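# predicted model and sequence below, questions to follow.
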Amino acid sequence: MRRPIALRLSAALAAIALAGGIGVAVSAPEASAAVGSATGYATQNGGTTGGAGGQTVRATTGTEIHQALCNRAASDTPITIEVEGTIHHGNTSKVSGDSCNTADDVIELKQISNVTLIGVGNGAVFDQLGIHIRESSNIIIQNVTVRNVKKSGSPTSNGGDAIGMEADVRNVWVDHVSLEASGGESEGYDGLFDMKDNTQYVTLSYSTLRNSGRGGLVGSSESDLSNGFITYHHNLYENIDSRAPLLRGGTGHMYNNYYVSLNESGINSRAGAKAKVDSNYFKDSKDVLGTFYTDAAGYWQVSGNIFDNVTWSAPGDDNNPAGPDPQSNTTVSIPYAYTLDDASCVPDVVGRTAGVGKGLRVSDGDCTTPRIAEFETYAM
């Protein structure tokens, strides 16, 4: 396993820092990895390093992203793709090559490995265009906005998912991204962050998910139980109807997230899933934890959470809310180290760290001043 060698914040971070408003204005050599290092379940199964140690290229269109993938020597040759500008249907076309498998109208990370996709400069926005990860491993996506991806109406992309993973995906770290929709299924949108068909060892950290009918799922049906080992931490879920997330089978670890205006349900653990729910802050929401819309029970272990103006529905044949006094009904063993912020600090810490435009800051775990993530490279 390649070991990280932390470097001090310097010119090497400048191009990325500008996108987050840190105010570093010096020239930067090419970066060789994402900022910081993976956390949560993405650290397991050999770890997630993305394109560390490989070439760095710049892309300002979706076609250029595909070209960067296709110009590699092989499908597993490490690469960091720095993205700047607005990626949309008009500038995203299929590119062919032995090291890639791309498609029109979607950013296709298919049958590849060892790739970092990171927003730099004045920012990277994927407008109405989803990012699709399929049959791939060791992928990092950082510091990008994905907005208004539709599955119906016009234009459509990626089945309506902002970021979607399916078919034997392993080790993905998605960090400091902003995922947004403008409505629910009736308006043409689907999930913001979906995983299915044997997707494992994924972390979503320091990100915002807003204004969607569906936050995301793990498992596409009650029979799709091959997914799991997913960590969600220091994320903001705001104005989401349901699926924050929907977890079918597998294990999910949700800690230090800020949930505001979950309108119908939140963490929906079902079909034997186990959710470890640590030190989150739930506000102005309904049925934030439980098994909903099915009689296939799921389980949860809770500790340190704050429920602020949360309402709970009555139990029924297809609904088993965890509240109004949530208690654990299972235990979940977590294999990695992590530090919890007290739940009372979560709104402030997440407000200063989550999403694009926050300088890639992360929590120190002490409820005071978030720090700027260190730039890291990797020795072979």
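Structure's in. What do you need? Keep in mind it's a predicted model, so treat the numbers as computed, not measured.
# just give me the neighbour total for the residue nearest to residue 180 when sequence neighbours are not counted.
Leaving aside its sequence neighbours, residue 180 sits nearest to residue 147 (C-beta to C-beta, 6 or more residues apart in numbering; 4.3 Å). (Each C-beta comes from the backbone N, C-alpha and C, glycine too.) Other residues within reach of residue 147, judged by other C-beta atoms under 10 Å, total 18.
# wait, isn't residue 147 in contact with residue 125?
Yes: using C-beta atoms under 8 Å, residue 147 is in contact with residue 125, at 6.8 Å.
# re the thing from before, who's the residue nearest to residue 180 bridged to?
residue 127, residue 180 (DSSP bridges).
# residue 101 belongs to a strand?
No: remark: residue 101 does not belong to a strand; assigned using DSSP: H, G, I helix; E, B strand; the rest coil, it is coil.
# what's the distance between it and residue 167?
According to C-beta to C-beta, to the nearest Å, residue 101 and residue 167 sit 12 Å apart.
# likewise for residue 193?
With C-beta to C-beta as the criterion, residue 193 and residue 167 are 16 Å apart.
# ditto for residue 68
For residue 68, the distance to residue 167 - C-beta to C-beta - is 22 Å.
# what of residue 305?
In terms of C-beta to C-beta, residue 305 sits 34 Å off from residue 167.
# so for these two, which sits in the more crowded spot?
residue 305 (21 against 14).
# correct me, but that one touches residue 275?
No: if you go by C-beta under 8 Å, residue 305 and residue 275 don't touch, sitting 11.6 Å apart.
# show me where this structure has its helices.
14-19, 62-70, 346-353 (DSSP state H).
# between those, which one is nearest to residue 290?
helix 346-353 (20.5 Å; C-beta to C-beta).
# determine how far that closest one lies from the middle of the whole chain.
Helix 346-353 has its C-alpha centroid displaced from the chain centroid by 17 Å (C-alpha atoms, centre = their mean, to the nearest Å).
# so for that helix, what's the average pLDDT?
Computed over helix 346-353, the mean pLDDT rounds to 96.
# and the residue nearest to residue 169 when sequence neighbours are not counted, what pLDDT?
Take residue 169 and drop its neighbours on the chain: the residue closest to it by C-beta to C-beta, 6+ apart is residue 199, 4.2 Å away. What the model reports as pLDDT for residue 199 is 98.
# which stretches of the stretch 251-380 of the chain form strands?
251-255, 258-262, 267-270, 274-278, 281-286, 289-292, 299-303, 306-311, 319-321, 361-362, 371-372, 375-379 (DSSP state E, counting those that start in this stretch).
# out of these, deepest packed?
Mean neighbour count (mean count of other C-beta atoms under 10 Å) peaks for strand 267-270 among the strands of the stretch 251-380 of the chain, with a mean of 28.
# count the residues that sit near the closest residue to residue 216 other than its chain neighbours.
Leaving out its chain neighbours, the residue that sits closest to residue 216 by C-beta to C-beta, 6+ apart is residue 193, at 3.5 Å. Counted by other C-beta under 10 Å, the residues lying close to residue 193 total 29.
# just checking, residue 193 touches residue 209?
Yes: using C-beta under 8 Å, residue 193 makes contact with residue 209 at a distance of 6.6 Å.
# between these two, which contacts overlap?
179, 215-216 (C-beta atoms under 8 Å, 6 or more residues apart in numbering).
# what pLDDT does residue 25 get?
25.
# go on, residue 22?
Per the predicted model, pLDDT is 32 at residue 22.
# so where is this structure shaky, pLDDT-wise?
1-33, 369, 372-380 (pLDDT under 70).
# so what's the spatially most central residue of the chain up against?
Most central in the chain under C-alpha atoms, centre = their mean is residue 204, positioned 3.3 Å from the mean C-alpha point. Applying C-beta under 8 Å, 6+ apart, we find residue 204 in contact with 174-175, 193, 230-233, 235.
# mind redoing it with 10 Å?
40, 42, 141, 163, 172-175, 177, 179, 192-193, 195, 216, 230-235, 245, 254, 257 (C-beta atoms under 10 Å, 6 or more residues apart in numbering).
# got it, and residue 246?
191, 194, 214-220, 252, 265-271, 273, 292-294, 298.
# any chance of a ChimeraX selection covering the buried ones in the residues you listed?
Only the buried entries of the contacts of residue 246 go into this ChimeraX selection, using 16 or more other C-beta atoms under 10 Å:
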select :191,194,214,215,216,217,218,219,252,265,266,267,268,269,270,271,273,292,294,298
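# looking at strand pairing, list the partners for residue 275.
Applying DSSP bridges to residue 275 gives these bridge partners: residue 252, residue 300.
# now swap in residue 236 and tell me
The partner residues for residue 236, given DSSP bridges, come to residue 208, residue 258.
# same check on residue 267?
residue 289.
# how near is it to residue 174?
18 Å.
# could you measure from the residue nearest to residue 216 over to residue 213?
13 Å.
# what is the neighbour count of the nearest residue to residue 40 once chain neighbours are set aside?
When the adjacent residues along the chain are set aside, residue 40 lies closest to residue 231, with 2.7 Å between them (C-beta to C-beta, 6+ apart). Other residues near residue 231 come to 26 when the count uses other C-beta under 10 Å.
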